[in-house]
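Undergrad: no letters, just coordinates:
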């Protein structure tokens, strides 16, 4: 089973990060207000980033890392433009998955 770490841009321009094994289903759940509490009432959503991982443990670790990032770092990740050596290392790790 392949896990996806994803970032959604909400209608209010905030960013939401989550994991799933079925991205289209999960986005539909968010749109219907059945997703995470944070996304309730914040739609419509735009998928701005996704990464694939081989198991839940790796996806969860990456989700935690992304959630801890500042908004600026998340935007750099989304745009694929590293702002510093740490961001470059993270981007290289993602591209190897």
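TA: Yep, it's here. Note that the coordinates shown come from a computational prediction; the quantities given were computed from them, not determined experimentally.
Undergrad: so residue 51, which of the three states?
TA: strand (DSSP: H, G, I helix; E, B strand; the rest coil).
Undergrad: pretty sure residue 21 is touching residue 52, no?
TA: No - the criterion here is Cβ atoms under 8 Å, and residue 21 misses it with residue 52 at 10.5 Å. C-betas here are computed from N, CA, C, even on glycine.
Undergrad: name the residues contacting each of these two.
TA: Counting by Cβ atoms under 8 Å, 6 or more residues apart in numbering, the contacts common to residue 21 and residue 52 are 2-4.
Undergrad: you'd agree residue 62 is up against residue 51?
TA: Yes - counting by Cβ under 8 Å, residue 62 does reach residue 51; the two are 6.4 Å apart.
Undergrad: narrow the shared contacts of residue 21 and residue 52 to those in strands?
TA: Per DSSP state E, strands hold the following members of the shared contacts of residue 21 and residue 52: 3-4.
Undergrad: could I get the shared contacts of residue 21 and residue 52 as CSV with distance to residue 76?
TA: CSV is the format used below for those (distance: Cβ to Cβ, whole Å):
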residue, distance to residue 76
2, 25
3, 23
4, 20
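Undergrad: quick one, which of the shared contacts of residue 21 and residue 52 are buried?
TA: 3-4 (16 or more other Cβ atoms under 10 Å).
Undergrad: report the buried residues of the helix or strand harbouring residue 75.
TA: Assigned by DSSP states H and E, residue 75 belongs to helix 71-79. The neighbour-count check on helix 71-79 (16+ other Cβ under 10 Å) flags 73-77 as buried.
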